[in-house]
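Asks: Return a 3D structure for these sequence lines:
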Amino acid sequence: RAGSAGGARKPARIGKGLGAKGLQNIGNTCFMNSALQCLSNTGELTRYFLEGRWEEDLNRDNPLGMKGQLADEYHLLLRELWADPSAAAASSSSVPPLAACRS
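Replies: Just a heads-up that it's a prediction; the model follows:
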C-alpha cells in the first residue's frame with residue numbers, strides 16, 4: 001500500500017502465531033487488558049497502526065487532546081504484542097497515558 005509520503009509500505013504481518021501474547025495484569029488492570037487484547041485482534045485497526053498509517057491522521061496540536069501520546073503508546077504496545085511469538089508476555093504498564101486517563 002502506498003503512503004501519502006511516497007514510497008510503498010510493507011504490509012503488517014498479521015498471521016498465524018503472531019499477536020498470540022498475553023498482557024501481564026498489574027493490580028486491577030485485567031479489564032483494561034482484555035479491552036486492549038480485543039482491539040489488538042481487530043485486524044484492520046492493527047494493520048493501520050503497524051503499517052504507520054495512523055501517523056498521517058494524528059493531530060498533535062489539539063489543545064484538548066493528549067498530543068498523540070495515547071496513539072504513540074498504543075502503537076508501541078501493538079509492536080510488542082505482534083513481535084516474535086516466542087518472546088515473553090507484554091505489559092500494559094508500557095502504556096502510561098492510560099493511567100492518566102483513569103484519573
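
Asks: by contact count, what packs against the lengthiest helix in the chain?
Replies: Secondary structure of the chain per DSSP state H: the longest helix is helix 69-81. Applying 3 or more CB pairs under 8 Å, 6 or more residues apart in numbering; DSSP states H and E, one finds that helix 69-81 contacts helix 30-40, helix 43-50, strand 90-91, helix 96-102. Backbone N, C-alpha and C define where each C-beta goes, glycine included.

Asks: quick one: average pLDDT of the shortest one?
Replies: Confidence over strand 90-91 (mean pLDDT, whole number) is 58.

Asks: average pLDDT for the longest helix of the chain?
Replies: Averaged across helix 69-81, the pLDDT comes to 90.

Asks: what about the residue nearest to residue 67 when sequence neighbours are not counted, how many neighbours?
Replies: The shortest distance from residue 67 to any non-neighbouring residue, by CB to CB, 6 or more residues apart in numbering, is to residue 60 (5.0 Å). Neighbour count for residue 60, taken as other CB atoms under 10 Å: 12.
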